[in-house]
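> pasting the sequence and the predicted model now:
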Number of protein chains: 2
Amino acid sequence: MTTRKHEEIAASLTRDILVGQYRCGERLPSERDLAGRFEANRGAVREAMKKLEQLGLATVQPGGARVQPLHEASLDVIGHMLALGEVPDEDLVDQILQVMNGLVRLAAESAVQRASDAEIAGIRDRLQPLLQTDPDHDCHALARFELMSAIMEASGNLVCRLIARSLLEQFAPRMVPLEGHVVLDYDAHREYAARLDRALAERDVGALRETFDAMSRLNRESARRAFAAVRATGAAGAAPTSKPGSTS
Amino acid sequence: MTTRKHEEIAASLTRDILVGQYRCGERLPSERDLAGRFEANRGAVREAMKKLEQLGLATVQPGGARVQPLHEASLDVIGHMLALGEVPDEDLVDQILQVMNGLVRLAAESAVQRASDAEIAGIRDRLQPLLQTDPDHDCHALARFELMSAIMEASGNLVCRLIARSLLEQFAPRMVPLEGHVVLDYDAHREYAARLDRALAERDVGALRETFDAMSRLNRESARRAFAAVRATGAAGAAPTSKPGSTS
DNA sequence: CGACCAATATGGTCAGACCATCTTGGTCCG
DNA sequence: CGGACCAAGATGGTCTGACCATATTGGTCG
């Protein structure tokens, strides 16, 4: 292992806080204390505390560091929460899917209203792979990702892009354990892609919204089935039930 | 003097990057070089670089730090971008409003579908101040904020909450210069609040969506007018530090 | 019992050094 | 002449130790 003490310390403390080892408002051990426990110098502990503060999990002040309520944390905690168990928390994944779908919908609306014909055409090009009878799993996933990226870029909404990118970066790596259990309804995707193509061509915001809402339901249902499949196979895996939505 | 060298350095570098002083992909000066320029310890420069990396504005690697494309940055850059000028960028504010409105709409949908009757009642309670003929500016703003918070909490969607909170924390402080130029249509707000109240009571998702979309248009238009007002007054004056009477 | 104050603990900062790795520039071979 | 190769310098990463300002803590005094 690459002697990166501060990462090890930060990961340990992050996990301890997220699973409730340290309660909200409680004081964390002092930096010198932690340095002793982890057999590291105080600089390493200090960098770890900086990371905790950046994640919004704790506030570091002269006199001691205190744990903050989860709902005041940074968006970046999502990745750590997803990584708590071997399989991500299903409720949290559903929340992410809802937000992601909402953001893409918003971006698509902006794109339809703002983007040039060339940009719209670019999006529709990315839509072509989804219109074909192409059951290849990876290609389909890649096409969906590129479609989303194109929509985000054409939306001209930087805020939307930043959030979606951040969420996706934390979300995607943790979905690998479920990848094999996802069964997509390619026919439905093809149908929605066709509707999307038409809505884009005619710049029909209403149809766009309806289609994205339908795709949202499809994606969430698909994830739900994948979790059910994982539960059915991996009965031994025990995930600590840390519910999002917490104290006040 | 804050004597916090690393904050000063980070702020300076952040600003330089955001205004295009350093172009994307370009190498930043070395830590030792920057330490010399800012007459600071390398540790301070190092902490500043950590901050830049956390903001997603630069990647620090052995061999040098390089500037990253803006669309790969963290959501936290929004606050710095808003702070670039005396008055925030209008387009960026509109993007934020769009995303915030979308998030609240999503949260409200989730709340209507998931929350208990007591929680829905709690939201409707927060709606009461908006239903009265109460032209007080600050009270109205506070009521809208609390309504949003209640909806976010009742949604049970942690992701939504974290994003909205982060956005609001960066957004709200920068809106102070425009505060005095915002003219709200209280009648329209009252009408929408009534529709919202009805939609919540009947858990009518369709009506909820329509109302939030209408409120989104109202808020964006309100912001647009405020910017126009600022441009009209600030064009001649040098220092637009207007104090419109009441302080919070 | 409460207010006050000193001793202690804690985080914040700084300085200097060493190490692993990347960059850079020259050199050597084909 | 061009490309591969290698050594020297530069750069970030880490560690050690120390000092300072302030918050905490516990005792003391009124």
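Thanks, I have the structure now.
> buried ones in the helix or strand of chain A with the lowest mean pLDDT?
For chain A, the helix or strand with the lowest mean confidence is helix A:176-179, at a mean of 91 (criterion: mean pLDDT, DSSP states H and E). By neighbour count with 16 or more other Cβ atoms under 10 Å in any protein chain shown, helix A:176-179 contains the buried residues A:Leu178. C-betas here are computed from N, CA, C, even on glycine.
> report the distance from the longest helix along chain A to the chain centre.
When chain A is scanned for its longest helix (criterion: DSSP state H), the result is helix A:205-233. Chain-centre distance of helix A:205-233: 15 Å, with Cα atoms, centre = their mean, to the nearest Å.
> got the end-to-end distance for stretch A:80-88?
10 Å (Cα to Cα, to the nearest Å).
> excluding chain neighbours, what is closest to A:Glu8?
Take A:Glu8 and drop its neighbours on the chain: the residue closest to it by Cβ to Cβ, 6 or more residues apart in numbering or on different chains is A:Phe38, 7.2 Å away.
> from memory the one you found sits against A:Glu47, does it?
No - the criterion here is Cβ atoms under 8 Å, and A:Phe38 misses it with A:Glu47 at 11.8 Å.
> neighbour count: these two, which is higher?
Taking other Cβ atoms under 10 Å in any protein chain shown, A:Phe38 and A:Glu47 do not tie; A:Glu47 has more neighbours (20 against 17).
> the more buried one sits in which helix or strand?
A:Glu47 is part of helix A:42-54 when elements are defined by DSSP states H and E.
> do the same with A:Arg124
Per DSSP H and E: helix A:117-131 holds A:Arg124.
> if we can go back for a sec, ok, the next helix or strand along the chain from the helix holding A:Glu47: who's next to it in the sheet?
Sequence order places strand A:58-61 as the next helix or strand after helix A:42-54, per DSSP H and E. With DSSP bridges as the test, strand A:58-61 is paired with strand A:64-67 (antiparallel).
> ok, then the element right after the partner strand?
Per DSSP H and E, strand A:64-67 leads on to helix A:77-82 as the next helix or strand towards the C-terminus.
> for that following helix, name the packing helices and strands.
Other helices and strands packing on helix A:77-82, by 3 or more Cβ pairs under 8 Å, 6 or more residues apart in numbering or on different chains; DSSP states H and E, are helix A:5-18, helix A:90-114, helix A:158-171, helix B:158-171.
> which elements pack onto the first one?
Helices and strands in packing contact with helix A:5-18 are listed as helix A:42-54, helix A:77-82; criterion 3+ Cβ pairs under 8 Å, 6+ apart.
> what do you get if the cut-off is 10 Å, keeping everything else the same?
Here helix A:5-18 touches helix A:31-37, helix A:42-54, strand A:58-61, strand A:64-67, helix A:77-82, going by 3 or more Cβ pairs under 10 Å, 6 or more residues apart in numbering or on different chains; DSSP states H and E.
> now do the third one
Counting by 3+ Cβ pairs under 10 Å, 6+ apart, the packing neighbours recorded for helix A:158-171 are helix A:77-82, helix A:90-114, helix A:137-155, helix B:77-82, helix B:90-114, helix B:158-171.
> which residues of chain A lie near DNA strand C?
Within chain A, the positions lying close to DNA strand C (Cβ under 7 Å from any atom of the strand) are A:28, A:30-33, A:42-43, A:46, A:49, A:60-65.
> do that again at 10 Å, thanks
Neighbours of DNA strand C within chain A, by Cβ under 10 Å from any atom of the strand: A:2-3, A:27-35, A:41-43, A:45-46, A:49-50, A:53, A:58-66.
> pull up the residues of chain A that are close to DNA strand D.
Taking Cβ under 10 Å from any atom of the strand as the contact definition, chain A meets DNA strand D at A:2-9, A:27, A:31-32, A:35, A:38-47, A:61-64, A:66.
> out of those, which are buried?
Among those, those classed as buried by 16+ other Cβ under 10 Å are A:Lys5, A:His6, A:Glu8, A:Ile9, A:Glu31, A:Ala35, A:Phe38, A:Ala40, A:Ala44, A:Val45, A:Arg46, A:Glu47.
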